[in-house]
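In: Sequence first, then the predicted structure, then my questions.
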Amino acid sequence: MGLMPPDGASVLLDTAPLIYVFEGNPLAARFTRLFAAIDAGRVQAVVTPVTIAEVVAGPLKAGKTTLAERYHALLCSWRVCPVDGEMAMLAARLRVRYRLRLPDAIQVAAAVQCGCSALVTHDRDFSMVGDLAIFTGD
């Protein structure tokens, strides 16, 4: 979906859009309006521990501990949707239903469980997921 989530919406941010923005990747441009809405407080950003781990892994691997800590602090300043037993069961059901990889199933389950109106992603095909709107940028 290319439409912006409405004001007041919560959206679960998948890893790729965050990495694009943090690293200044040209693909970040497709998410500019969304991140402006988040910065302005019109849309609430939600992340999972999976996203946090994936985002900080790159800087840690490169020996950039300070950068990893900065990313971690920013991500944790948003709403972090915890992975618990209920979400694990929902993720398992979604994984089987849509043949998703486990990290993808956790992202979808988190978005559903935490009441998000959309999953913001770029690099994975979630088109078969009917439980949630998928936002892929402008």
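Out: Sure, I can see it.

In: only C-alpha atoms for contact and neighbour calcs from this point on.
Out: OK.

In: sec struct for the residue lying farthest from the centre of the chain, please.
Out: Going by CA atoms, centre = their mean, the residue of the chain most distant from its centre is Gly63, 24.2 Å out. Using DSSP: H, G, I helix; E, B strand; the rest coil as the criterion, the local structure at Gly63 reads coil.

In: and it, what pLDDT?
Out: In this model, Gly63 is scored at 98, pLDDT.

In: How about Gly130?
Out: Note on Gly130: pLDDT of 80.

In: so is it in a helix, a strand, or just coil?
Out: coil.

In: Quick one: low-confidence residue ranges for this structure.
Out: 1-3, 123-124, 138 (pLDDT under 70).

In: Where do the helices of it begin and end?
Out: For the chain, the helices defined by DSSP state H cover 15-23, 32-39, 49-61, 65-77, 85-98, 102-113.

In: how far does the last one sit from the chain's center?
Out: This means helix 102-113. 9 Å (CA atoms, centre = their mean, to the nearest Å).

In: Determine which stretch of the helices of the chain is the most buried.
Out: Among the helices of the chain, helix 102-113 has the highest mean neighbour count (mean count of other CA atoms under 10 Å), at a mean of 22.

In: got the CA positions of it in PDB?
Out: What follows is helix 102-113, C-alpha atoms only, in PDB (Å, rounded to 0.1, in the frame of the first residue of the first chain):
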ATOM      1  CA  LEU A 102       9.900 -17.000  11.600                       C
ATOM      2  CA  PRO A 103      11.200 -13.400  11.900                       C
ATOM      3  CA  ASP A 104       8.500 -12.200   9.400                       C
ATOM      4  CA  ALA A 105       5.800 -14.100  11.300                       C
ATOM      5  CA  ILE A 106       6.900 -12.500  14.500                       C
ATOM      6  CA  GLN A 107       6.700  -9.000  12.900                       C
ATOM      7  CA  VAL A 108       3.200  -9.600  11.600                       C
ATOM      8  CA  ALA A 109       2.100 -11.200  14.900                       C
ATOM      9  CA  ALA A 110       3.500  -8.200  16.800                       C
ATOM     10  CA  ALA A 111       1.700  -5.700  14.600                       C
ATOM     11  CA  VAL A 112      -1.600  -7.500  15.100                       C
ATOM     12  CA  GLN A 113      -1.200  -8.100  18.800                       C
END
